[in-house]
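Visitor: Okay, here's the prediction I keep looking at, along with the sequence it came from:
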Amino acid sequence: MKPRRCATPPRGADRLLATALPQGLLGSTIIGDLHQEHEERARHQGPSRLWLWYWLQALKLAARYAWRGFRRPASSYRRLTENPNRDPREESTESIMSALITDFRYGLRTLVKSPLLSLVAVLTMALGISQTVFTFSQVYGSVMRGIPVPADDRLISVMAQNPERRISQTTISYPDYLEFRQRATLLEDLAAFSQGSLNLASEGTTPERYSAAWMSANALEHLGVPPLLGRTFLPQESEPEAPAVIVLSYGVWQNRFAGNPEIVGQSIRANGEDAEVIGVMPEGFAFPVWEEAWLNLRLDPDAVPRRSNRVMTFGRLRAGVTIPAVASELTAIAERIEAEHPDEPTGYRPLVRLHERVHMPREVTAVLYLMLGAVFGVLMIACSNVANLLLARASVRSREIAIRSALGASRWRVVRQLLMESFVLAMAGGVIGLAGAQVMLKMYDASLAGIQKPYWIDMSIDANGVLFAIGTVLLTALLAGTLPAFRASGIGAGAILQDETRGSSSLRMGRISSFLVVSEIAVSCALLLTAGLMIRSVININRVDLGFRTDNIVTGRIALFESDYPGRGERQQLFSDLIARLRQEPGVQSATLTSSLPGTESGQWAVAIEGRAYDTDGDVPTVGGTVVGTQFFDTFGVQLSEGREFMESETGSGAEPAVIVNRSFVQRFLPDQQALGQRIRLPTDDPDGPWVRVVGVVPDLHVGGGVGGLGSDRLSPEHIYLSPGAVDARFLTVAIRSRVAAETLVPRIRAVLAQLDPDLPLYEVRTMQQALEQHTWAFTLFGRLFTLLGISALFMATVGLYGVMAFSVSRRRQEIGIRMALGATADRILLLVLRKGLIQLGIGLAIGLALGYAMARPLRAVTYGVEASDPATYLVITLALLATGLIATLLPARSATRVDPNTALRAR
Amino acid sequence: MAYGVDCVDPLPPTTEHMSTKSYLGEFEQVMLLAILRKGSEAYGVEVRRELERTTGRTVSRGAFYTTLDRLQSKGLLRWSTRPVEGWRGGRPQRHFEVTDEGIAKLRRSHEALTSLWRGLEDFEVKP
């Protein structure tokens, strides 16, 4: 019967079978049988199912024969394939698979025969592999895996920048967004959103606060992730007068609404306004960063001034379009907009970046990649150690190898055998290492529990992680095994067999061993140096003079919404009522309000000083700014150098606003003047904005920077503190200095707040110390990670140095014996051995210090108050390495002096 | 005496000797019987199909081929190949044949079973 034309069995499967099955006729007939059944099935089965069926059968058969080959010596195949019709040329053909299996079994046996060496090698590799996989998972999970939405590699954000005013990345105005969306041709679409907090209340439950995004109507649809229930936004829902609608995340739907399947169509209170639930997004969706609910963005495009409404954006590049191309198109559009509105010059230029890059600080990405590099350093050390162990053993086995070569084993055969041994070691190390990496990731996750990070960051080991681990294992096996294998197999058989001057083979291996040890010392020195600099940063961070007290202060944040508190006066009334009541609570020493806690973060404000002329917007200086209430400096234990704190009369909306400036501000803008009584103005958008009088001067307080406290020393030191009367603040943090344990006040704060407004949640409740710790996590975290890497590197390098020295001493016992018999003293022998170790140590250190310096330079972003060339760190690390290196050399050297010449010379 | 020849096992240590001591496994028996039943048609695919048909079980390819190999190495069956053209990807077919020794072993197994069944007729399912 003729089979259908399309029915050819998959070639890959046949190739697999040809490798796995016994060679020759036997294998051929089995494959023939499978073909025959394939042809019969082709008559009633579709091609894809047939293909799957064939592959499955092939895999099962291959696995069966591979397992069988593993259990039985390969020679038994030869008997099986014996056949009267056999082609004599096939006799010597052995399937590659079964030969490899033989090597594998032999390797396993050799390793079991020297359990201590194998254990050390496996553990060393496990240490290296676990750290490599762990670090890879971090890097992969943070910056490589991407966002789980379709075509995320084309997902970009359009932001604005103003290099003249040192603004590297900010939001764009809503009218600009609309223009960009309409005119850009290289983008598939552009969506706008703004992030914020959402107070959800429904009858009979306590209000809760969630992270939410207000999105343009096209946003969710453009993203391409369909809702689980209901729908996403409709175009008309972007109108300024449209009613509020809300899409819930899976988590909110499950936890807040108990997974109610009838939720769509219901009305809930969202920030004090009725909003209809129109949909639920699938589990795990939290776009754009970490949102739990999405509402329709309803902005008025004709609002004046043009820059009053600001939004974030995201959109997709058209296929094949690059980011620079879009950036130049948008820049051209921005220039045209500016030309059309000459009355509103902005100086802002569009900045196009991948969406995921916007939400992951560049510093963190740089350090992650650096860590990946560093961890490969540790892996290299691990491989060098194992290579040294294998070299040591290969030199012991040089006779065995020589005999095998003499009996006709090809060099490739010998190399393959030795490589297989290192592969067996690496595999065992890989299994332990993978488990180790899993444990480390669990611990790492736990230590990051309090940190809010973009939703797509997931550091678990997935299929790619495992694939990477397998790759690492193979690499490890090759790195550790290649050199010893080629070295050992390259020694002429005759030379070894004739060689009766025992010990000479170790001299051949010696140079490679020395090379490996030197590189180990160099790499661990470089790693320890970086670790040292990171540790110094952590110490500096903890020692930094904040300029304010952090003890016994408890804090919590409150967000007011225009729907509940439409007027500025109402908002300020609530805040001042709250503070007044809190101050009457027992145990409260002082209470204040602030837009951001000192030492964590702060806004940046452009300020004009009275009496100065500014030609352009770019000339107006930018300083740090915080809105603070009365008793702020009292609460944080700060003494004013001049003037006074704000008074109650300065906090109301109608009150004359006031400002307190810091020492740096005075030095830069008001030198040689009486600062008190001077006036400044902000923001400069409004040329007729009110002038604000300076009423006090305070010492410089420490200001934190961006994510994780990174970049804090690059912020401008000049800072102003504004009274709530000067700006309209809707989000404020309460800070209370207590006479009792600070945490015990939390229930009282909540109770007082509930009396004023039962729908208002208090969030980010923590002590001042916790707030600071959460803010400097990056330093602590990277400090710990680099310390871990440095210590494992040091440990492995020490063990490696010791191993090589000890082995070289044991191989030179006879030489030492002869020297002693000829009159060498113990001191001379000690010196002889020490000298070799010290030379290696010296060279390694010199290279390592240079390497460390090179590595420390990109680290500057995450070090704090430490120079890349910090002499103390260099000194400490050099001494530490010298000391451990000396010990590792001294121990074997001392044992060399105890060699008894008689025994040494007689020993074979 | 210690090195004398008297203590040598009276039977030579051949496969024959080894195999008389062991019975055929169940799968080995059905395999050999299936080959006998197929006779001149005892090719790989056909034998496996016969096995599945008579026992009502699925027989995995791996188990099937490795058992054939084992039976051959025990000397209970032999095979020869027949070239084919135009199908099976041009790969030869294997024809199996039970050796005399195989038949003898099958008989022994059968006898052993029959004698064990003797007196247990009450348990036999009557057609």
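Guide: That came through, no problem. Numbering: from 1, shown residues only, chains lettered A, B, ... in the order given.

Visitor: contacts, neighbours, all on C-alpha from now
Guide: Noted.

Visitor: Counting neighbours, what do you get for A:V247?
Guide: 29 (other Cα atoms under 10 Å in any protein chain shown).

Visitor: a helix runs through it, doesn't it?
Guide: No. Counting by DSSP: H, G, I helix; E, B strand; the rest coil, A:V247 is not found in a helix; it is strand.

Visitor: Show me the beta-bridge partners of it.
Guide: A:G279, A:W294 (DSSP bridges).

Visitor: Quick one: residues contacting it.
Guide: Counting by Cα atoms under 8 Å, 6 or more residues apart in numbering or on different chains, A:V247 touches A:T232, A:V277, A:I278, A:G279, A:V280, A:M281, A:A293, A:W294, A:L295.

Visitor: quick one: which of these is nearest to chain B?
Guide: Within these, proximity to chain B (Cα to the nearest Cα) peaks at A:M281, which comes in at 46.1 Å.

Visitor: what's the nearest residue to the closest one if we skip its chain neighbours?
Guide: A:P227 (4.4 Å; Cα to Cα, 6 or more residues apart in numbering or on different chains).

Visitor: now that neighbour, what's its secondary structure?
Guide: Judged by three-state DSSP, the three-state class of A:P227 is coil.

Visitor: And it, what's its pLDDT?
Guide: At A:P227, the model reports a pLDDT of 92.

Visitor: Give me the pLDDT value at residue 86.
Guide: Using chain A here. 43.

Visitor: Sorry, I should have been clearer: chain B.
Guide: pLDDT, B:G86: 83.

Visitor: who touches it in this structure?
Guide: Counting by Cα under 8 Å, 6+ apart, B:G86 has no contacts.

Visitor: in chain B, which residue is closest to the centre?
Guide: Centroid check for chain B by Cα atoms, centre = their mean gives B:L32 as the closest residue, at 3.6 Å.

Visitor: Quick check: phi and psi on that residue?
Guide: For B:L32, the backbone dihedrals (degrees, to the nearest 10) come out as phi -60, psi -40.

Visitor: now A:N662
Guide: Dihedral angles of A:N662 (phi, psi; degrees, to the nearest 10) stand at phi -100, psi 170.

Visitor: is it true that it touches A:I720?
Guide: Yes. Counting by Cα atoms under 8 Å, A:I720 is a contact partner of A:N662 at 6.4 Å.

Visitor: Who has more neighbours out of these two?
Guide: Neighbour totals were compared for A:N662 and A:I720, and A:I720 leads with 25 against 20 (other Cα under 10 Å).

Visitor: What pairs with the helix or strand encompassing the more buried one, parallel or antiparallel?
Guide: Applying DSSP states H and E as the criterion places A:I720 in strand A:719-722. The pairing partners recorded for strand A:719-722 under DSSP bridges are strand A:622-627 (parallel), strand A:658-662 (antiparallel).

Visitor: Columns mean pLDDT on top of those strands, output as TSV?
Guide: Formatted as TSV, those follow (pLDDT from 0 to 100):
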stretch	mean pLDDT
strand A:622-627	85
strand A:658-662	91
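
Visitor: Looking at the ones you listed, which one is packed in the most?
Guide: Ranked by mean neighbour count, the strands paired with strand A:719-722 are led by strand A:658-662 with a mean of 25 (mean count of other Cα atoms under 10 Å in any protein chain shown).

Visitor: How about residues contacting that one?
Guide: With Cα under 8 Å, 6+ apart as the contact definition, strand A:658-662 has outside contacts at A:645-646, A:650, A:692-700, A:718-723, A:725-726.

Visitor: Next: stretch A:144-153.
Guide: By Cα under 8 Å, 6+ apart, the list of residues contacting stretch A:144-153 from outside reads A:L223, A:G224, A:V225, A:L354, A:E356, A:W456.

Visitor: Could I get the contacting residues of the third one?
Guide: The neighbours of A:V225, taking Cα under 8 Å, 6+ apart as the test, are A:V149, A:P150.

Visitor: Could you do the first one as well?
Guide: Taking Cα under 8 Å, 6+ apart, we find A:L223 in contact with A:V149, A:P150, A:G315.

Visitor: Okay, and which of those residues map to strands?
Guide: A:G315 (DSSP state E).

Visitor: If you rank the contacts of A:L223 by neighbours, which is first?
Guide: Scoring those on neighbours with other Cα under 10 Å, the highest-scoring entry is A:G315 at 23 neighbours.

Visitor: if you skip the residues just before and after it, what's nearest to that one?
Guide: Closest to A:G315 by Cα to Cα, 6+ apart is A:L190, at 4.2 Å.

Visitor: just checking, the one you found touches A:R316?
Guide: Yes. Counting by Cα under 8 Å, A:R316 is a contact partner of A:L190 at 7.1 Å.

Visitor: Just the buried residues of the contacts of A:V247.
Guide: A:T232, A:V277, A:I278, A:G279, A:V280, A:M281, A:A293, A:W294, A:L295 (16 or more other Cα atoms under 10 Å in any protein chain shown).

Visitor: Rebuild the strands paired with strand A:719-722 as JSON lines, extending it with distance to A:G481.
Guide: Compiled in JSON lines, these are given as follows (distance: least, Cα to Cα, whole Å):
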{"stretch": "strand A:622-627", "distance to A:G481": "58"}
{"stretch": "strand A:658-662", "distance to A:G481": "63"}
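
Visitor: Among these, which comes closest to A:S596?
Guide: Distance to A:S596, taken as Cα to Cα, is lowest for strand A:622-627 among those, at 6.5 Å.

Visitor: Any chance you could list what contacts that closest one?
Guide: Here strand A:622-627 has contacts from A:165, A:594-596, A:602-607, A:715-724, A:727, A:729, using Cα under 8 Å, 6+ apart.

Visitor: Mark which of those are buried, thanks.
Guide: For the contacts of strand A:622-627, buried by 16+ other Cα under 10 Å: A:165, A:594-596, A:602, A:604-607, A:715, A:717-724, A:729.

Visitor: Remind me what the host helix or strand of B:T67 packs against, helices and strands.
Guide: For B:T67, the host element (DSSP H and E) is helix B:61-73. Under the contact criterion of 3 or more Cα pairs under 8 Å, 6 or more residues apart in numbering or on different chains; DSSP states H and E, helix B:61-73 touches helix A:47-71, helix A:75-81, strand B:77-82.

Visitor: tilt between the shortest one and helix B:61-73?
Guide: Orientation check (axes from the mean of the first three to the mean of the last three Cα atoms, to 10 degrees): strand B:77-82 against helix B:61-73 gives 110 degrees.

Visitor: now for the next helix-or-strand element following strand B:77-82, which elements pack on it?
Guide: The helix or strand immediately downstream of strand B:77-82 is strand B:93-98, counting by DSSP H and E. When contacts are defined as 3+ Cα pairs under 8 Å, 6+ apart, strand B:93-98 packs onto helix A:25-41, helix B:26-38, helix B:44-55, strand B:77-82.
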